[in-house]
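Peer 1: After the sequence you'll find the predicted model.
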Number of protein chains: 2
Amino acid sequence: VKRVLVTGANGFVGRHCLAPLAAAGFEVHAISRAGTGPDGPCWHRADLLDSAAVSALVDAVRPTHLLHLAWYTTHRLFWTAPENLAWVRGSLALVEAFARADGRRAVLAGTCAEYDPRFGFCSEGVTPLAPATLYGTSKHALHLVAEAFASGNGVSLAWARLFFLYGPGEPAGRFVPAVVAALLRGEPALLTHGNQVRDFLAVGDVADALVALLDSPVEGPVNVASGVPTSLRDLATSLAGRLGRPDLLRFGAVPAPPGESPFLVADVRRLKEEVAWSPRRDPNEGPDATVAWWKARLAEEPTP
Amino acid sequence: VKRVLVTGANGFVGRHCLAPLAAAGFEVHAISRAGTGPDGPCWHRADLLDSAAVSALVDAVRPTHLLHLAWYTTHRLFWTAPENLAWVRGSLALVEAFARADGRRAVLAGTCAEYDPRFGFCSEGVTPLAPATLYGTSKHALHLVAEAFASGNGVSLAWARLFFLYGPGEPAGRFVPAVVAALLRGEPALLTHGNQVRDFLAVGDVADALVALLDSPVEGPVNVASGVPTSLRDLATSLAGRLGRPDLLRFGAVPAPPGESPFLVADVRRLKEEVAWSPRRDPNEGPDATVAWWKARLAEEPTP
């Protein structure tokens, strides 16, 4: 039996992993702070920063697989928040408990923010790792220790570096939700020049890729991304086109942050060739689903 | 007076530089093996690999500016040809003669092939230089010596790293000419998967940028490119659309070379911010002019 313990299961990425995990034949055990979530998995309540509780839960569930997505993610604050240290400690305790309970295979969420941002194109074995933020540094440090520990303790571990995601359930305030919400309200979206090139992947595809990685024997860092360079301008224009309001996009209305990377794109050869995963969805599905989700959500808001 | 000596003036890039040089107020002296070329500049016949002849010519013209574009460029062969050594030697003799004749400002053509191709995103001060070919290594070596020599000998030198160019006059056999020629003949264009991302700039824009760089005080390496990532698939599809024959594109018909870079794109912040140059042409003009040029050219061919 393949029994997976999923952390962050109620989060932006975690929610989208539940169905593909079940479809891949996993018995799914999900952790959330409330102990509840969408139907399907077996839900458990646990505070992941309480290592005694985590250890007891792992001993009770005895998962063969671990998909660790939980972290401190409050928009903007997460880059520098001291909570990053607590999540390094909590994650290490989780990995240790998982190994002690004879867990075999773990995938942990890393980030493109581990790479030295000056290099722009991020290739797992090539691009230097030199995170510019506490968040990126904390993830990088966790990877180093978790990988060294896993290899000596019978756990096969892959480290999934996530890039830019968007889709249903994305926290408000981030780029895509901010653009879509403004346009749905008929307000102008105030943007920078928009020529920044990023690597976007719809969250449903990210979830599929994570499940494929978990179900594979591939170890070490693996970029989970599209490999397709997209400018913020093109993404915003595509969303505005779907909403019929390209007139509301105001490129150049606000200055870009100084020192911002012009370019952040993933090398996806490991994901494509070793994990043998490529997006199966129609490329229109991600933007369409995003727009539909925000339409439904904003319709629920009381009008002032 | 600004008096420029242009080498490779009859070549793919050089030809396009002549009008913008004149428009920028340069008295233009052009070198070709035949000693002739398009109307406008003053043409000189010289073999650039004959250093005595080059020295005599430079002494006679006494250029204030040098735009050195000539090199051995025979399609495919240039990567490994021993001629690369002759062009390093000839180029060094040219720079030396230019400095001795009180030349003040030189721009020499370098290449994206100087960068370590594994890094994908090429930023002048960041990305390691580790050319994988004799051509890239020869250009890199020329840059090192020419820059060190120039700075001690009163010459302001910029090194223009060219990326992927296309447009009227491009040598047959290269990617764009091969696709356009096949489609114009009504034959299928046999292509690899086409997902390789490259940095393309229309040759007319490349020429404008080189002239702007020559006419600026910016020194050292400067990428001359668009900064816009474009897949071979998208470029071929855009050309095929203009020719009404997207049905003739056969992606995946031939295997991609093993070890080929998935990604080669330039950081263009130096060009944009320090040289203050951006393309002024309509983005459709490059592909339109390319298609028109090949149409006219193939119409001249005798039918078998």
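Peer 2: Great, that's in hand.
Peer 1: quick one, strands of the stretch 101-250 of chain A?
Peer 2: Here the stretch 101-250 of chain A has its strands, by DSSP state E, counting those that start in this stretch, at A:105-111, A:121-122, A:156-162, A:164-166, A:189-190, A:197-202, A:220-224, A:229-231, A:249-250.
Peer 1: Can you tell me which helices and strands the fifth one packs against?
Peer 2: Translated: strand A:189-190. Applying 3 or more CB pairs under 8 Å, 6 or more residues apart in numbering or on different chains; DSSP states H and E, one finds that strand A:189-190 contacts helix A:175-184, strand A:249-250. Where you see a C-beta, it was placed from the backbone N, CA and C, and this is true even at glycine.
Peer 1: cool, the last one as well?
Peer 2: When contacts are defined as 3+ CB pairs under 8 Å, 6+ apart, strand A:249-250 sits against strand A:189-190, helix A:232-242.
Peer 1: partners of the shortest one, with directions?
Peer 2: So the one you mean is strand A:189-190. strand A:249-250 (parallel) (DSSP bridges).
Peer 1: what does the strand it pairs with contact?
Peer 2: With CB atoms under 8 Å, 6 or more residues apart in numbering or on different chains as the test, strand A:249-250 has contacts from A:179, A:188-191, A:236-237, A:240.
Peer 1: Filter those down to the buried ones and hand me the PyMOL line.
Peer 2: Buried residues among the contacts of strand A:249-250 (16 or more other CB atoms under 10 Å in any protein chain shown), as a PyMOL selection:
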select buried, chain A and resi 179+189+191+236+237+240
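Peer 1: Next, format the contacts of strand A:249-250 as a markdown table and append pLDDT.
Peer 2: Listed next are the contacts of strand A:249-250 as a markdown table, based on pLDDT from 0 to 100:
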| residue | pLDDT |
| --- | --- |
| A:V179 | 95 |
| A:P188 | 97 |
| A:A189 | 96 |
| A:L190 | 96 |
| A:L191 | 97 |
| A:A236 | 96 |
| A:T237 | 96 |
| A:A240 | 96 |
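Peer 1: Contacts for stretch A:283-292 next, please.
Peer 2: By CB under 8 Å, 6+ apart, the list of residues contacting stretch A:283-292 from outside reads A:166-168, A:170, A:176, A:180, A:201-205, A:238-239, A:242-243.
Peer 1: at 6 Å instead, please
Peer 2: Contact with stretch A:283-292 is made by A:166-168, A:202, A:238-239, A:242, as judged by CB atoms under 6 Å, 6 or more residues apart in numbering or on different chains.
Peer 1: likewise stretch A:209-228?
Peer 2: With contact meaning CB under 6 Å, 6+ apart, stretch A:209-228 is reached by A:17, A:20-21, A:24, A:65, A:67, A:107, A:124, A:156, A:158-163, A:199, A:201, A:206, A:266, A:268, A:270-271, A:274-275, A:277.
Peer 1: With respect to burial, which of the helices and strands packed on strand A:189-190 scores highest?
Peer 2: Greatest average neighbour count among these goes to helix A:175-184 (a mean of 21), per mean count of other CB atoms under 10 Å in any protein chain shown.
Peer 1: one step back: so which of the helices and strands packed on strand A:249-250 gets nearest A:E114?
Peer 2: helix A:232-242 (21.6 Å; CB to CB).
Peer 1: now for that closest one, which elements pack on it?
Peer 2: Judged by 3 or more CB pairs under 6 Å, 6 or more residues apart in numbering or on different chains; DSSP states H and E, the packing partners of helix A:232-242 are helix A:175-184, helix A:285-300.
Peer 1: Average pLDDT for the longest one, rounded please.
Peer 2: When you say that, I think you mean helix A:285-300. Averaging pLDDT along helix A:285-300 yields 89.
Peer 1: follow-up on the earlier one: between the contacts of stretch A:283-292, which sits nearest B:D102?
Peer 2: Closest to B:D102, out of all of the contacts of stretch A:283-292 and judged by CB to CB, is A:S238, at 55.4 Å.
Peer 1: so what's A:S51 up against?
Peer 2: Counting by CB under 6 Å, 6+ apart, the residues that A:S51 touches are A:A93.
Peer 1: Report the separation between it and A:R45.
Peer 2: According to CB to CB, to the nearest Å, A:S51 and A:R45 sit 16 Å apart.
Peer 1: What of A:T80?
Peer 2: Plainly put, A:T80 is 29 Å away from A:R45 if you go by CB to CB.
Peer 1: so what's A:W277 closest to, chain neighbours aside?
Peer 2: A:A212 (4.2 Å; CB to CB, 6 or more residues apart in numbering or on different chains).
Peer 1: Now do the same contact list for the residue of the stretch 151-300 of chain A found nearest chain B.
Peer 2: Closest contact between the stretch 151-300 of chain A and chain B, by CB to the nearest CB, is at A:P229 (3.8 Å). Residues counted as contacts of A:P229 (CB under 6 Å, 6+ apart) are A:197, A:265, B:229.
Peer 1: Redo those residues as CSV? Include pLDDT and distance to B:V6.
Peer 2: Shown next, in CSV, are those (pLDDT from 0 to 100; distance: CB to CB, whole Å):
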residue, pLDDT, distance to B:V6
A:V197, 96, 34
A:V265, 97, 36
B:P229, 96, 31
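Peer 1: Give the single residue among these positioned nearest to B:V28.
Peer 2: Comparing the contacts of A:P229 against B:V28 with CB to CB places B:P229 closest, at 34.3 Å.
Peer 1: tally of neighbours for the closest residue to A:Q196 other than its chain neighbours?
Peer 2: The shortest distance from A:Q196 to any non-neighbouring residue, by CB to CB, 6+ apart, is to A:L232 (5.0 Å). Residues within reach of A:L232, counting by other CB atoms under 10 Å in any protein chain shown, total 22.
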